[in-house]
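>>> just coords:
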């Protein structure tokens, strides 16, 4: 499947604009050493995240980003490129989160998002759920993290149909 481009801008994107089978590839965000260390010191203070010298002698042979930092970078890209600015209602959760390869300072990450399912709500007809498979990809095209995300969106208002 080749990557697709939304035909509707984010400020006019509703549930109906997410199509099962579409694959969206987008974004570039650099992983910066200072941010890796600052995030880890606050939220995941393991030496291979916080101390470059100790990390050189650790299990990864150098400093790596916390998986939770990588998830935050993914969320930034998802918000900027995939989510609707008018119809996104948050998420009831994620499934199958996997960290597949260490992310290091200097890496540049992008996303590939595959729309797996679009389900209008039966109990709340003004909204629905989009289930996606998200891959975080580094500059060498290696997949470093995957997850299945469920995202709630409002439906297009009837006046707009």
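Great, that's in hand. Predicted model only: the values in this text are computed from it and were never measured. Residues are numbered from 1 along each chain as shown.

>>> May I have the phi/psi pair for residue 14?
Here is the backbone geometry of residue 14 (degrees, to the nearest 10): phi -130, psi 180.

>>> List the single closest residue to it in space, sequence neighbours excluded.
residue 156 (4.0 Å; Cβ to Cβ, 6 or more residues apart in numbering). For the C-beta atoms, the positions are set from N, CA and C on the backbone; glycine is no exception.

>>> residues contacting the one you found?
For residue 156, the contact set (Cβ atoms under 8 Å, 6 or more residues apart in numbering) comprises 14-17.

>>> Could you tell me which of those residues belong to helices?
Using DSSP state H to define helices, no part of those is located there.

>>> now that we have the residues you listed, which one has the most neighbours?
Ranked by neighbour count (other Cβ atoms under 10 Å), the contacts of residue 156 have residue 15 at the top, with 23 neighbours.

>>> Check which helix or strand residue 76 maps to.
Assigned by DSSP states H and E, residue 76 belongs to helix 67-81.

>>> Against which helices or strands is that helix packed?
Helix 67-81 sits against strand 23-30, helix 33-43, strand 93-99, strand 108-120, strand 127-137, strand 143-154, with contacts defined as 3 or more Cβ pairs under 8 Å, 6 or more residues apart in numbering; DSSP states H and E.
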